[in-house]
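Asker: Starting from these lines, generate the structure:
(chains A and B)
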Protein chains: 2
Amino acid sequence: MSTIPKIVILGAGYGGILTAQRLQKELNYNEADVTLVNRHDYHYFTTHLHMPAAGTDSIDRTRVPISKLIDEFKIDLVKSSVREIRLSDRKVILDDGTLSFDYLVIALGGEPESFGIPGLAEHAFKIRSINSVRLIRQHIEYQFAMYKTDESRKDRLNIVVGGAGFSGIEFVAELADRVPRLCKEYDVDRKLVHIYNVEAAPTALPGFDPELVDYAMELLAKKGVDFRLGTPIKECTKEGVVLASGETLHAATVVWTGGIRGNRIVEAAGFETARGRVKVDEYLRAPGLENVFIIGDNSLMFNEEGRPYPPTAQIAMQQGVICAKNVVAAIRGGQPRQFVFNHKGTVASLGRGQAIAVVGDKKMKGWSAAQMKKLVDLRYLFIIGGIPLVLRKGRIF
Amino acid sequence: MSTIPKIVILGAGYGGILTAQRLQKELNYNEADVTLVNRHDYHYFTTHLHMPAAGTDSIDRTRVPISKLIDEFKIDLVKSSVREIRLSDRKVILDDGTLSFDYLVIALGGEPESFGIPGLAEHAFKIRSINSVRLIRQHIEYQFAMYKTDESRKDRLNIVVGGAGFSGIEFVAELADRVPRLCKEYDVDRKLVHIYNVEAAPTALPGFDPELVDYAMELLAKKGVDFRLGTPIKECTKEGVVLASGETLHAATVVWTGGIRGNRIVEAAGFETARGRVKVDEYLRAPGLENVFIIGDNSLMFNEEGRPYPPTAQIAMQQGVICAKNVVAAIRGGQPRQFVFNHKGTVASLGRGQAIAVVGDKKMKGWSAAQMKKLVDLRYLFIIGGIPLVLRKGRIF
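Answerer: Numbers count the residues shown, from 1 in each chain, chains lettered A, B, ... in the order given. This is a model prediction of the structure:
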């Protein structure tokens, strides 16, 4: 029997890929067995999903085969879905088998949170995965095609986006770019198409710089986005959404971007969670467990002001790096490293050639912010795949 | 009141466009008022519809604005649908008004004929118009997208094409080209996708040269088309088709290409019809009416062996030319010209780079037949739009 410790990483999103890559780099030959488990054989760029969802960019530029990112001589890749984490047995139950671990990294990503709004789970699409955004793209286009064979159903042309956070705003911006092209392809008058963005909070992009938010709102309104801010959704039905204001928005397409929560598999494993997220220690370890690390959307950490960090790609990546160091330290009996979030800035794209950004004290908008967005994307491609990936997937010009 | 005769042409398909263009050329200034009525503001290439239906060519290359084909200073264009032809009143009732005529050219095109097979009208798509083929294309792709979010529904990946005549064969050939690309885009194993072609007659392409039919069948079978010949469809349901053989083909997409009949508006006008087609005289006139011409799919004419000519683009175009001459002759009190069909040959495309053709006594297959198909298409573009249209829409290389 092997005495080499077994490390299992669940999920190949931002956190999981970074953990796997850093372990691959830091571990010596035969120091540990590393297995990366992922539902798909590709890694996808969650922060880019709003584009293929709207149909403004391809699936191909939104993902990369995991085999291009890790060295399969050093790391085993298991394509399967996680069903259950059995902490006491040190086992993970997959759709196609079972894995035992000495060290576990839980990087499974979150789930959409619908805050108990009736009908959202059944009738609203979510921007969540490659499969889900291909469905959104095709659903919207199918509605246009169907409209042209029965023009009485004008609701087919309407799209409601629930949530005006980053995903919601970035998605409606892409939709505003996409709709004129759909109208041309399907001989539809642009005036008949309504893009609604509904948000319960009084402003879009809560927490972002108000001046930049105003800029974004004005730009998107000009592009034809119809905002309903400070307006909670009361119910989502097959016909559209009913708002708390009493208004009903008739739409054959409803996309919910209103929030994410931790993964139910993590909850079911017996951790104490808040909306599915587990409060980890400063070394990213699950409470009371020195061999289980939780990073990304399922981890809960607080900033100096005592507010939880939002689940972003940026934080997941930084956690992945520290997580890998701490797993190695645990194996070697070394000192773990504290996780300290280094906030590099925030960018929200607003469609073709437009964005808003805050980097340090600097506010940016328009073309320069859009360039910043590109740089962020290229930087990520470089981190995980070097120059070859930048050249293959990056939109440099 | 004007004493200039009013000519109304119903339909801007192959027959109607040719009639309009020739009238425009032959009539003198102020010799007649010509009005062309069409449901859309574009003319489309019916013989090309199988490509955008499968998604192997664009809508843009399948149609052309009517305003580019006729001189609107000489011919009035009315975009509306015909509701009723009132022969005794010499009036045509449109969705948006009424037109009176002295001479009427009925070039409305046919309708799908489902031979009383239950469920075909409700559940099967038809390759009939730009709107209908956009719907087919999007429906198929939507099924792939939905399959990826619920892989238990394998029927979503199956396509049944009813009818192995020209439209059916040309369409399955394009599907066979398209499916591998869809599989790549949606991460679907090609082996899971079934393209069925079901035909009641014992062979495909009845009436065509048997050697070429064999060639086509072999080629398409190799491309993955699953034939059920000599097998009538008993019923079409939401789940697929039930065959007379007892077999059920489960498919989320059923496309019926099994036959066309004359337009019901023509039937409703009081003509004696056979499957909606009116037996016209040798001058293309409706029985007993010297001022009403019927061409294209709604006209019934017999060849020397007493067999009806099939409704093809080739015959409709030739009828359009003679019809225009005979309308002018009627106005001028001249002699009408007999219609004699000049059969130039037949080509069936079999997907990318492949076709079969009979031109005179010559049989062609493979690349040379595919070039012949291109020539036929380019010739048509040249006839209706000259060199500019050939350059804009033609795929020359």
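
Asker: Okay, now the unreliable bits of the stretch 1-150 of chain A?
Answerer: Applying pLDDT under 70 to the stretch 1-150 of chain A picks out residues A:1-2.

Asker: Now do the helices for it: every range, in order, please.
Answerer: Using DSSP state H, counting those that start in this stretch, the helices found in the stretch 1-150 of chain A span residues A:14-26, A:50-54, A:120-123, A:130-147.

Asker: which stretch among these comes nearest chain B?
Answerer: Distances from chain B to each of the helices of the stretch 1-150 of chain A were compared using C-beta to the nearest C-beta; the minimum, 4.0 Å, belongs to helix A:130-147. From N, CA and C alone the C-beta is placed, and that goes for glycine too.

Asker: Show me what the closest one packs onto, helices and strands only.
Answerer: Under the contact criterion of 3 or more C-beta pairs under 8 Å, 6 or more residues apart in numbering or on different chains; DSSP states H and E, the helices and strands touching helix A:130-147 comprise helix A:50-54, strand A:125-126, helix A:166-186, strand A:253-256, helix B:130-147.

Asker: now check the next helix-or-strand element following that helix, is it near chain B?
Answerer: Using DSSP states H and E, the next helix or strand after helix A:130-147 towards the C-terminus is strand A:159-162. No - residues of strand A:159-162 are not located near chain B by C-beta under 8 Å from any C-beta of the partner chain, the shortest gap being 15.8 Å.

Asker: Contacts only, for the residue nearest to residue A:253 when sequence neighbours are not counted.
Answerer: Leaving aside its sequence neighbours, residue A:253 sits nearest to residue A:159 (C-beta to C-beta, 6 or more residues apart in numbering or on different chains; 4.5 Å). By C-beta atoms under 8 Å, 6 or more residues apart in numbering or on different chains, the contact set of residue A:159 is A:140, A:175, A:193, A:194, A:195, A:196, A:251, A:253, A:254, A:255.

Asker: and with 7 Å instead?
Answerer: With contacts defined as C-beta atoms under 7 Å, 6 or more residues apart in numbering or on different chains, residue A:159 is in contact with A:140, A:175, A:195, A:251, A:253.

Asker: ok, now residue A:160?
Answerer: A:196, A:198, A:240, A:241, A:249, A:251, A:254.

Asker: List the contacts of residue A:331.
Answerer: Taking C-beta under 7 Å, 6+ apart as the criterion, residue A:331 is in contact with A:5, A:31, A:32.

Asker: number of nearby residues for the second one?
Answerer: Meaning residue A:31. For residue A:31, the number of neighbouring residues by other C-beta atoms under 10 Å in any protein chain shown comes to 15.

Asker: Just the pLDDT for the residue nearest to residue A:253.
Answerer: Per-residue confidence at residue A:159 stands at 98 (pLDDT).

Asker: Run through the bridge partners of it.
Answerer: Partner residues in beta bridges with residue A:159: residue A:195, residue A:253, with DSSP bridges as the criterion.

Asker: ok so, going back, give me whichever of the helices and strands packed on helix A:130-147 is most buried.
Answerer: When you average the neighbours per residue for each of the helices and strands packed on helix A:130-147 (mean count of other C-beta atoms under 10 Å in any protein chain shown), helix A:50-54 leads with a mean of 27.

Asker: ok, and what's touching that helix?
Answerer: Under the contact criterion C-beta under 7 Å, 6+ apart, helix A:50-54 has outside partners A:57-59, A:62, A:127, A:133-134, A:136-137, A:167, A:170-171, A:174-175, A:178.

Asker: wouldn't residue A:196 be in contact with residue A:228 here?
Answerer: Yes - with contact defined as C-beta atoms under 7 Å, residue A:196 counts as touching residue A:228 (6.3 Å).

Asker: Just flag the most distant two among the contacts of helix A:50-54.
Answerer: A:58 and A:167 (19.1 Å; C-beta to C-beta).

Asker: Average pLDDT for stretch A:288-302, rounded please.
Answerer: Per-residue pLDDT values over stretch A:288-302 give a mean of 97.

Asker: and the end-to-end length of that stretch?
Answerer: Start to finish, the residues bounding stretch A:288-302 are 18 Å apart (C-alpha to C-alpha, to the nearest Å).

Asker: cool, stretch A:55-72 as well?
Answerer: 33 Å.

Asker: buried sites along it?
Answerer: By neighbour count, with 16 or more other C-beta atoms under 10 Å in any protein chain shown as the criterion, the buried positions of stretch A:55-72 are A:55, A:56, A:57, A:59, A:61, A:62, A:63, A:64, A:66, A:69, A:70.

Asker: closest to residue B:100 among these?
Answerer: Nearest to residue B:100, judged by C-beta to C-beta, of the buried residues of stretch A:55-72 is residue A:55 at 47.1 Å.

Asker: Please name the nearest non-neighbouring residue to that closest one.
Answerer: The shortest distance from residue A:55 to any residue that is not its chain neighbour, by C-beta to C-beta, 6+ apart, is 4.6 Å, and that residue is residue A:137.

Asker: The one you found touches residue A:57, doesn't it?
Answerer: No - in this structure, residue A:137 is not within contact of residue A:57 by C-beta under 7 Å, at 10.2 Å.

Asker: which residues touch the spatially most central residue of chain A?
Answerer: Compute the mean C-alpha point of chain A, and by C-alpha atoms, centre = their mean the closest residue is residue A:46, 3.9 Å away. Taking C-beta under 7 Å, 6+ apart as the definition of contact, the neighbours of residue A:46 are A:13, A:313.

Asker: go on, residue A:112?
Answerer: With contacts taken as C-beta under 7 Å, 6+ apart, residue A:112 has the following neighbours: A:126, A:128, A:256, A:260.

Asker: Look up the residues forming beta bridges with it.
Answerer: Where residue A:112 sits in a bridge, its partners, by DSSP bridges, are residue A:260.

Asker: Kindly report the same for residue A:299.
Answerer: Per DSSP bridges, the residues bridged to residue A:299 are residue A:278.

Asker: Next, the contact list for it, please.
Answerer: Listed by C-beta under 7 Å, 6+ apart, the contact partners of residue A:299 are A:277, A:278, A:280, A:284, A:319.

Asker: ok, the fourth one to chain B distance?
Answerer: Using C-beta to the nearest C-beta, to the nearest Å, we find residue A:284 at a distance of 32 Å from chain B.

Asker: That residue touches residue A:337, doesn't it?
Answerer: No - in this structure residue A:284 lies outside contact range of residue A:337 using C-beta under 7 Å: 9.4 Å.

Asker: between the two, what contacts are shared?
Answerer: Overlap of the contact sets of residue A:284 and residue A:337 (by C-beta under 7 Å, 6+ apart) consists of A:322, A:326.

Asker: Contact distance from chain B - what residues of chain A qualify?
Answerer: Residues of chain A that fall close to chain B, judged by C-beta under 7 Å from any C-beta of the partner chain: A:59, A:131-132, A:134-135, A:138-139, A:141-142, A:145-146, A:148-149, A:185-186.

Asker: which among the residues you listed gets closest to residue B:266?
Answerer: When these are compared for distance to residue B:266 (C-beta to C-beta), residue A:149 wins out at 22.3 Å.

Asker: Name all residues that make contact with that closest one.
Answerer: Neighbouring residues of residue A:149 by C-beta under 7 Å, 6+ apart: B:131, B:132, B:135.
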